[in-house]
Every structure is written in C-alpha cells, then in structure tokens.
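Novice: Predicted coordinates and the sequence they were generated for:
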Amino acid sequence: MSLNNIITYIESKILYEDNHVIALVKPPNIPTQSDSSGDISLYDHVKDYIKLKYDKQGNVFLGIVHRLDRPVSGIMVFAKTSKAASRLSESIRNREFYKTYYAVINGIPSAKEDTLENYLIKKTNKLGSIAQVVFDDKKDKSAKLARLSYSVLEELPSNNLSLIKVELETGRFHQIRVQLSNLGHAIYGDRKYGGYIKYDKDFVPLGLFAKTLKFKHPTKDEMIDLKANAPNTRPWALFSNK
C-alpha cells in the first residue's frame, strides 16, 4: 500500500482522534495485531498512518488496550501515548469501558431478551484456540464465569436469522461466540462455533460487530461516546436496524 493510500485508508475509518487516542472501525478479517499468519495488522496500519501523516521520526508509540478477534469488525481504540494506554487499561480493569455488539444469529430465540451465564475454559483443537462451556466449574479450576445480556432487535423468519444487541458484563475469550452457540443460536458465519452456512460461492463473514464504545477520555474530564454502522453487506444488509 502506498504512503497516500495508507493515510486515506485509515482516515476513512477514523471515528475520533486527538493527541492521546485514536478510535476507528476495524474491518473484518484483519488481525488486531501481528499473528502467525504474517498478515499486516490494524495496529501496523495505524502506526504507519501516524508516522506518515504527522511526519514522526523514530519509533511511533501505539498502545493496544483491547482487541477484537480477527473475523470481528467494529470499533476499536488505540492509545497514542503511554499515559493514555495506562489510564485506558485501568478503565477496562474497572469495567468503565462500555461496549455493545450487534450479532446476526441463526434462528429465532424464544426469549426476546435474556442474560446468559456460563463457565468457560480455553483450549486448543484443530481449529486453533477455542472457548468451551463447562457444566461443572468445580471440576475444572481454570473455568471462568462469563455473563452477557442480549435483546432481539429484528427477526427474519424467512431467512431463519435474527439481529440482536449484546452487552458484556465480563470479557472472556470468544465469549459472545461460544455463549450464543451454546444457546443454540450460533453467530452467522462462525466456522469455529457452528454458525457457518455455505451460500453457493459467496464468502460468508462473521456476523459480529462492535457497535458502540463509551469511555472516559484519559486526560480530559469528558466521556467519548462512539457509534458505528455495520457494513452494508450480507448478512447486515438483510436487516433495517443495523
């Protein structure tokens, strides 16, 4: 990607930026940070953007304070200073980092809103690292409580799909994906947790989007309240309330 293209690419996704933070919409199927695939990550792109746009000399600081799984799209925030990184990380630890997700799930839930509680463990299989629900946490000391609430926003019985809003109370590995799969309503396109349906030759993306993000600015006495629209592609384009 050329220098001008990097700047244009990142600018098209920015929701908020100042001297301390930069928040933008992560596209699907781009890693948050470098992984074993060797693909260029969003972190790499943002660092290049800062270096090029502001003509930074030497190493550019960019702090990762939270992550989205590679197939997940939506709002992310990075810290541009060490002070911001420390304070944003503290906000996350104190559960003062408020996120909501939209998910397209297979099926029509009988409960139009509910709170899910499960104990999860992290393990590895042929699909890589996965989360798994355990039904006796006392037998597995590594199991951690996962809790989320969801509400149904729109139903498409003809497609056997539903659009839901998800609010996390905990932040476990693959939590939304495994808890919805355990409910019997795996996320559309989820190859790891049973939501993948092949539509001819079409690519099937993961129907999970980080919709809103609200947090206290690390250096100002104000709240940053961000919202983004899900992509206008399948499965999101099937719904009016996205």
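Specialist: Received, thanks. Here the structure is a predicted model, which means the values were calculated and not measured. Residues are numbered from 1 along each chain as shown.
Novice: This structure: strands as residue ranges?
Specialist: Assigned by DSSP state E, the chain shows strands spanning 14-17, 21-26, 63-64, 73-79, 97-106, 113-125, 128-134, 144-156, 161-168, 208-216, 223-227.
Novice: partners of the last one in the sheet?
Specialist: To tie it back to what came earlier, the one meant is strand 223-227. Its sheet considered, strand 223-227 pairs with strand 208-216 (antiparallel) by DSSP bridges.
Novice: and the strand it pairs with, how far from the chain's centre?
Specialist: Computed by C-alpha atoms, centre = their mean, to the nearest Å, the separation of strand 208-216 from the middle of its chain amounts to 8 Å.
Novice: Now D225: closest residue in space, sequence neighbours ignored.
Specialist: Among residues not flanking D225 along the chain, K214 sits closest, at 4.8 Å (C-beta to C-beta, 6 or more residues apart in numbering). Backbone N, C-alpha and C define where each C-beta goes, glycine included.
Novice: Model confidence score at the one you found, please.
Specialist: Here, the pLDDT recorded for K214 equals 97.
Novice: which residues touch it?
Specialist: Listed by C-beta atoms under 8 Å, 6 or more residues apart in numbering, the contact partners of K214 are 97-99, 223-226.
Novice: Nearest to H20, out of the residues you listed: which one, please.
Specialist: The closest of those to H20 turns out to be I224 (C-beta to C-beta; 10.4 Å).
Novice: Need phi/psi at the residue most central in space within the chain.
Specialist: Centroid-nearest residue in the chain: L68, 3.9 Å away (criterion: C-alpha atoms, centre = their mean). Backbone torsions of L68, given as degrees, to the nearest 10, read phi -120, psi 140.
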